[in-house]
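Asker: Sequence first, then the predicted structure:
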Amino acid sequence: MQDTWGIPGPAFIVGYIVALIVVVILAVAHRKVLFRGDRSARVDDLGPQQLAYLNGGDRLAVYSSIGGLRAAGALGTAGSALVQTGPIPVGVTPLDSAIHHAASGQIRTRDLTGDQWVRSALDDLRTGLERRGLAVSPEALKQARLWAWAAGALALIGVFRLIAGIQNNKPVGFLVVAVVVVAFFTWRLARTRRIATDAARARMRELRERHGYLSPAQSPAYATYGATGAALGVALFGAAALYDMDPAFAAEAEIQRAAAANGFTSGSGSSCGSSSSCGSSSSCGGGSSCGGGGGCGGGGGCGG
Amino acid sequence: MGIGWRPEISGFVAGLPGLRFAEVVAESVHAHGDLPDGLPALLDRGVAVVPHGVRLSLGGAEPVDPARVTHLAAVASRLSAPLASEHIAFVRAAGVEAGHLLPIPRSREAIDAVVANVARTTAELPVPLALEPIASLFDWPDDELTEADFLTEILDRTGALLLLDVANVYANARNRGEDPLDLLDKLPLDRVAYVHVAGGAEHQGLYHDTHTDAVPQAVLGLVTELCARHRPPALMLERDGDYPPADELTAELDAIAAAAGYPAITA
């Protein structure tokens, strides 16, 4: 029997896999370069919403703003829509103003990114960060996605070989698996999504260490840390911080709890908290091991 | 001048420039694992951290659990603490946990029990032990001594130091209808290692030492009276929950420092 295309089956598979590996390695290397960001960029002067954007995109930036406004008493919920409950505090960012203004018309959290002022504030926020080398620009993302074409071409070759092989009644088991794997990589490469550059991620990790007291594992006293603390907590530790701060409000405002909780596990938490699941505060942080029992906390509030 | 360190306000405590010492609940520190987040930074700064036990139950009729004593000793070494502290109270009996600190009767028998337990504890502790008398909402019917005599005898027999909680002194005096200054006059003030200042609230006619309210003016007045008699080496604000905005905590710390005649630690 003649080999399909004149290439023996096993040789083709090996060559195919090698080609896939080469494509993947090149894609990863290219992405490293594309997403590197500006090493010398600093995040110290970034506001909580900018940090939130780097950590979790538009959605977390909006949540961070909501967190700050809530802590300042300017936002509340009526049904499942956000409403104004107070005047806009002084010295807020354009995003805060836009959200507060949108809430005057009772808007749902998920519709906020559709509001044109909010949208424009978010766009400004993003371009500012891109200029500083902290956020990945759309052009860089587009370039990274080009590798999906390479993988796609490989997949196509595989499919043609598959068809030819079936017509020639050759065994195609391994080839099917290989094509599926390549198709998977094609899909992943096409779906490349990256917001923060590598430089930004490294700075964020440092910030999380420095502001570890805001981690939900510590059950931070948001009243003590104020509105900025609340916004920063959401920015660094995800939407879980908002649930920690004001669970009823967060639930009514339909905050997506899973939004960017990744920061939580990478921080240097206490031995109980460092590897617990993201989200709700661990029981070690606040209290059950302290005092005679949950309610009494430190020195036994009732008598100590 | 110091503050009770709690994870909920660890950021606030870390930001106090003049902080000289802090107290941490001994049971919240692992003897061999990671220290709670925020504590290592304080230790690096040179802040003295004192472990404060709450579950040893030194006043209990049963001998104190050796494992708990070992833990307290280990934590004290780990923190390089200058001393450790616990309460003259009991928290468990016959396997039942009370969940908070309960007063022991002021009887000779009880004194013997406390002294024995303290002896077992100090035998293993690498540092001196300070004992804190607690606030009680009631008195046992078999009380034989006054609070002052009771405390003095315990301190004399154990050689321990006194952790004077001014809020407890106030609470006890107020609930019994006595004058808190009487107690202050009779206590061996030269044995005071440090002082707790805390807030409370009145509820149904009784003053509760809640540690979750602002420090009342009367307690601050007591601090001044205490310092007029014998100024303690250190004082601290003890707050366990319902933490107010940072400004209020700062104001409280400053008020305590002012009442005691110590410099403020907030600036």
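Answerer: Received it, and whenever you're ready, just let me know what you need. Numbers count the residues shown, from 1 in each chain, chains lettered A, B, ... in the order given.
Asker: CA only for contacts and neighbour counts going forward, please
Answerer: OK.
Asker: Below-threshold pLDDT in chain A: ranges please.
Answerer: A:1-2, A:259-304 (pLDDT under 70).
Asker: which residue ranges form the helices in it?
Answerer: Along chain A, counting by DSSP state H, helices occupy A:9-34, A:48-71, A:94-103, A:116-131, A:138-167, A:173-190, A:198-210, A:222-237, A:240-245, A:247-252, A:262-266, A:283-286.
Asker: Let's have the ones you listed in JSON lines, adding mean neighbour count.
Answerer: Formatted as JSON lines, the helices of chain A follow (neighbours: other Cα atoms under 10 Å in any protein chain shown):
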{"stretch": "helix A:9-34", "mean neighbour count": "15"}
{"stretch": "helix A:48-71", "mean neighbour count": "27"}
{"stretch": "helix A:94-103", "mean neighbour count": "22"}
{"stretch": "helix A:116-131", "mean neighbour count": "18"}
{"stretch": "helix A:138-167", "mean neighbour count": "17"}
{"stretch": "helix A:173-190", "mean neighbour count": "17"}
{"stretch": "helix A:198-210", "mean neighbour count": "19"}
{"stretch": "helix A:222-237", "mean neighbour count": "27"}
{"stretch": "helix A:240-245", "mean neighbour count": "26"}
{"stretch": "helix A:247-252", "mean neighbour count": "17"}
{"stretch": "helix A:262-266", "mean neighbour count": "19"}
{"stretch": "helix A:283-286", "mean neighbour count": "20"}
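Asker: closest to B:A26 out of those?
Answerer: helix A:283-286 (13.3 Å; Cα to Cα).
Asker: and chain B, which of the helices of chain A is closest to it?
Answerer: Shortest distance between chain B and these, using Cα to the nearest Cα, is found for helix A:222-237: 3.8 Å.
Asker: thinking again about what came up before, okay if I get the helices of chain A as a markdown table plus distance to B:P245?
Answerer: Shown next, in a markdown table, are the helices of chain A (distance: least, Cα to Cα, whole Å):
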| stretch | distance to B:P245 |
| --- | --- |
| helix A:9-34 | 44 |
| helix A:48-71 | 11 |
| helix A:94-103 | 22 |
| helix A:116-131 | 30 |
| helix A:138-167 | 41 |
| helix A:173-190 | 47 |
| helix A:198-210 | 21 |
| helix A:222-237 | 4 |
| helix A:240-245 | 14 |
| helix A:247-252 | 19 |
| helix A:262-266 | 24 |
| helix A:283-286 | 18 |
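Asker: show me the contacts for residue 10.
Answerer: Just so you know, I chose chain A. For A:P10, no residue meets the contact criterion (Cα atoms under 8 Å, 6 or more residues apart in numbering or on different chains).
Asker: think we crossed wires, I meant chain B
Answerer: A:Y213, A:P220, B:G38.
Asker: can you tell me which of these lies nearest to B:G11?
Answerer: For these, with B:G11 as the reference and Cα to Cα as the criterion, the closest is A:Y213, at 5.2 Å.
Asker: For burial, what's the neighbour tally of that closest one?
Answerer: 26 (other Cα atoms under 10 Å in any protein chain shown).
Asker: same deal with the one 5 residues further on?
Answerer: Residue neighbour count, defined by other Cα under 10 Å, stands at 27 for A:Q218.
Asker: any idea how far B:D37 is from it?
Answerer: 8 Å (Cα to Cα, to the nearest Å).
Asker: same question, A:V90
Answerer: 33 Å.
Asker: Have a look at those two and say which one is more surrounded.
Answerer: Neighbours per residue (other Cα under 10 Å) separate A:V90 from B:D37, with B:D37 holding more: 24 against 7.
Asker: picking that back up, okay, and the common contacts of A:Q218 and B:D37?
Answerer: B:P7.
Asker: In contact with the nearest residue to B:L187 once chain neighbours are set aside, which residues?
Answerer: Leaving aside its chain neighbours, B:L187 sits nearest to B:A148 (5.7 Å; criterion: Cα to Cα, 6 or more residues apart in numbering or on different chains). Shown in contact with B:A148 (Cα under 8 Å, 6+ apart): B:L183, B:K186, B:L187.
Asker: Then B:A41?
Answerer: B:A14.
Asker: The same query, at a cut-off of 10 Å, please.
Answerer: B:A14, B:V47 (Cα atoms under 10 Å, 6 or more residues apart in numbering or on different chains).
Asker: That one: what secondary structure?
Answerer: helix (DSSP: H, G, I helix; E, B strand; the rest coil).
Asker: Tell me how far it lies from B:G15.
Answerer: Counting by Cα to Cα - B:A41 and B:G15 are separated by 11 Å.
Asker: swap in B:G99?
Answerer: Taking Cα to Cα, one finds B:G99 at 32 Å from B:G15.
Asker: and these two? which has more neighbours close in?
Answerer: B:G99 (19 against 13).
Asker: Could you count how many residues lie near B:A214?
Answerer: B:A214: 18 neighbours (other Cα under 10 Å).
Asker: Which residue is the nearest non-sequential neighbour of B:M1?
Answerer: Using Cα to Cα, 6+ apart, the nearest residue to B:M1 is B:L235, at 5.0 Å.
Asker: so who does the one you found touch?
Answerer: Here B:L235 is in contact with B:1-3, B:21-22, B:163-166, B:193-197, B:223, B:253, B:256-257, B:260, B:262 (Cα under 10 Å, 6+ apart).
Asker: per-residue pLDDT, it?
Answerer: Looking at B:L235, its pLDDT reads 93.
Asker: Could I get the phi/psi values of it?
Answerer: phi -130, psi 160 (degrees, to the nearest 10).
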